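Show me how the following folds:
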Amino acid sequence: MDRMIPIYLSKSMLFRGFSADDVERVISKADYRLKKYSKGELIAIEGHECSSIGIVMSGDVVVQKVYFSGKVVNLTKLSRGDVFGEVIVFSNHREYPATILSQKSSTVLFISRENIISLCKQDERFLENFMMQLSNKILMLNRKVENLSLKTIRQKICKFLIEEYKRQKNLKLKISTSRKDMAENFGIPRPSLSRELINMRDEGLIEFGKGYIEVMDIAAIEDFLF
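So this is what the prediction gives:
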């Protein structure tokens, strides 16, 4: 076993609370595959069978929806420690709902469905972490569905601002997401997002600059959601 594998895996939610030695002990009982991908290489294709979960060991990968028209929408980005396929692999329809692409040189460790079941039986901590991972993913998907139900760009921005305010507990919000990624998460064109942010600033609702958005009227922001 590559000595770096336990170190990298210990950073993943699936091995939360495990030391590198604990990870090595547990993972040595599993039949895993370690695969390297170059920039732009496909990791999984929409509609293909999903028989394993994937853990990003290094690099960055992106989950994309590719439409017949040729339009490509980035759904989410994954980096070291992030997991994919954990919801699909235990469903009745074990097919990837989107395409997964390596954004730069990346390494992914795959663990089969059968081995995940075995690891859950062998170690209660792994079982708890796996259930937490599933729960977090389901909650994230619920939030995405809620975002899709919002009719206007302003509502999507306001919901994002309210969520960040609750998380950061500060009206001056640190924004690490790029404008491009934010627009993709909202499912809107970047120019439309920028235009609406400027409109909201002109109306005195927010101020923004590099790396931050400051909410000037939290009550008004909340009102736009109803």
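
Hmm, residue 107 and residue 58 touching each other?
Yes. Counting by CB atoms under 8 Å, residue 58 does reach residue 107; the two are 4.6 Å apart. The C-beta positions use only the backbone N, C-alpha and C, and glycine is treated the same way.

For these two, indicate the residue with more neighbours.
Taking neighbours as other CB atoms under 10 Å, residue 58 and residue 107 compare with residue 107 leading, 19 against 14.

between residue 58 and residue 107, what contacts are shared?
Here residue 58 and residue 107 share no contacting residue, scored by CB atoms under 8 Å, 6 or more residues apart in numbering.

how does this protein divide up, domain by domain?
4-148, 150-223 (automatic domain parsing).

Dump these into a markdown table; add mean pLDDT as well.
Formatted as a markdown table, these follow (pLDDT from 0 to 100):
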| stretch | mean pLDDT |
| --- | --- |
| domain 4-148 | 90 |
| domain 150-223 | 92 |
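
what are the ranges of the strands in the protein?
Using DSSP state E, the strands found in the chain span residues 32-37, 42-44, 52-58, 61-66, 72-78, 83-84, 99-102, 106-112, 172-174, 206-209, 212-215.

helices or strands up against the first one?
When you say that, I think you mean strand 32-37. strand 106-112 (3 or more CB pairs under 8 Å, 6 or more residues apart in numbering; DSSP states H and E).

could you say what helices and strands the strand it packs on packs with?
Going by 3+ CB pairs under 8 Å, 6+ apart, strand 106-112 lies up against helix 4-9, strand 32-37, strand 52-58.

now for the longest helix along the chain, which elements pack on it?
Ranked by residue count, the top helix of the chain under DSSP state H comes out as helix 124-149. Other elements packing on helix 124-149 under the criterion 3+ CB pairs under 8 Å, 6+ apart are helix 113-122, helix 153-168.

Alpha carbons of the first one, as CSV, please.
Provided in CSV are the C-alpha atoms of helix 113-122 (Å, rounded to 0.1, in the frame of the first residue of the first chain):
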residue,chain,number,x,y,z
ARG,A,113,-20.3,-1.4,-3.1
GLU,A,114,-19.6,-4.8,-1.6
ASN,A,115,-16.5,-3.6,0.2
ILE,A,116,-18.4,-0.6,1.6
ILE,A,117,-20.9,-3.0,3.1
SER,A,118,-18.1,-5.0,4.6
LEU,A,119,-16.3,-2.0,6.0
CYS,A,120,-19.6,-0.8,7.6
LYS,A,121,-20.0,-4.2,9.3
GLN,A,122,-16.4,-4.2,10.5
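
List of residues touching it?
26, 29-32, 51-53, 86, 89-90, 94, 111, 126-127, 130.

list the buried ones in it?
Neighbour-count burial for helix 113-122 flags 113, 115, 116, 118, 119 (criterion: 16 or more other CB atoms under 10 Å).

cool, and stretch 178-191?
Under 16+ other CB under 10 Å, the buried positions of stretch 178-191 are 182, 183, 184, 185, 186, 188.

quick one, what contacts the third one?
With contact taken as CB under 8 Å, 6+ apart, residue 184 is in contact with 73, 74, 75.

List only buried entries from those.
For those, a burial check counting by 16+ other CB under 10 Å picks out 74, 75.

Now do the longest helix of the chain and helix 153-168, the angle between them.
Comparing the axes of helix 124-149 and helix 153-168 via axes from the mean of the first three to the mean of the last three CA atoms, to 10 degrees yields an angle of 150 degrees.

Using TSV, lay out the contacts of residue 184 together with distance to residue 166.
Below are those laid out as TSV (distance: CB to CB, whole Å):
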residue	distance to residue 166
73	27
74	25
75	23
